[in-house]
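**Student:** Predicted model and sequence follow; I will ask about them next.
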Amino acid sequence: MTRKQKRLAVIAGGMGFIAAAVLLVMFAFSQSVAYFYMPA
């Protein structure tokens, strides 16, 4: 694997990790957002 390919793999892996983290946060927020709209 050349240096360019290695850098591309690291960047792609990092972006995938960030995307997964964002999806998990959005999923958790969508689960808890119902509590804000429900009257206490």
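**Tutor:** Cool, the structure landed.

**Student:** and residue 2, how many neighbours?
**Tutor:** When counting by other Cβ atoms under 10 Å, one arrives at 7 neighbours for residue 2. (Each C-beta comes from the backbone N, C-alpha and C, glycine too.)

**Student:** check contacts around it.
**Tutor:** Listed by Cβ atoms under 8 Å, 6 or more residues apart in numbering, the contact set of residue 2 is empty.

**Student:** Distance-wise, check it relative to residue 15.
**Tutor:** Distance of residue 2 to residue 15, given as Cβ to Cβ, to the nearest Å: 20 Å.

**Student:** same check, this time on residue 1
**Tutor:** 18 Å.

**Student:** in the protein, which segments are predicted with low confidence?
**Tutor:** 31-40 (pLDDT under 70).

**Student:** for it, what spans make up the strands?
**Tutor:** Secondary structure of the chain (DSSP state E): no strands located.

**Student:** the longest helix in it is where?
**Tutor:** helix 3-32 (DSSP state H).

**Student:** Return the distance of that one from the chain's centre.
**Tutor:** Taking Cα atoms, centre = their mean, to the nearest Å, one finds helix 3-32 lying 5 Å from the centre of the chain it belongs to.

**Student:** before we move on, what about stretch 1-20?
**Tutor:** Centre-to-centre, stretch 1-20 and its host chain are 15 Å apart (Cα atoms, centre = their mean).

**Student:** Send me that stretch as PDB with only the CA atoms.
**Tutor:** Only the C-alpha atoms of stretch 1-20 are listed here, as PDB (Å, rounded to 0.1, in the frame of the first residue of the first chain):
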ATOM      1  CA  MET A   1       0.000   0.000   0.000                       C
ATOM      2  CA  THR A   2       1.500   3.300  -1.000                       C
ATOM      3  CA  ARG A   3       1.600   6.300   1.300                       C
ATOM      4  CA  LYS A   4      -1.300   8.000  -0.700                       C
ATOM      5  CA  GLN A   5      -3.500   4.900  -0.400                       C
ATOM      6  CA  LYS A   6      -2.800   4.600   3.300                       C
ATOM      7  CA  ARG A   7      -3.700   8.300   3.900                       C
ATOM      8  CA  LEU A   8      -6.900   7.800   1.900                       C
ATOM      9  CA  ALA A   9      -7.800   4.700   3.900                       C
ATOM     10  CA  VAL A  10      -7.200   6.600   7.200                       C
ATOM     11  CA  ILE A  11      -9.400   9.500   6.000                       C
ATOM     12  CA  ALA A  12     -12.100   7.200   4.800                       C
ATOM     13  CA  GLY A  13     -12.100   5.300   8.100                       C
ATOM     14  CA  GLY A  14     -12.200   8.500  10.100                       C
ATOM     15  CA  MET A  15     -15.100   9.800   8.000                       C
ATOM     16  CA  GLY A  16     -17.000   6.500   8.500                       C
ATOM     17  CA  PHE A  17     -16.400   6.600  12.200                       C
ATOM     18  CA  ILE A  18     -17.700  10.200  12.400                       C
ATOM     19  CA  ALA A  19     -20.700   9.400  10.300                       C
ATOM     20  CA  ALA A  20     -21.500   6.400  12.600                       C
END
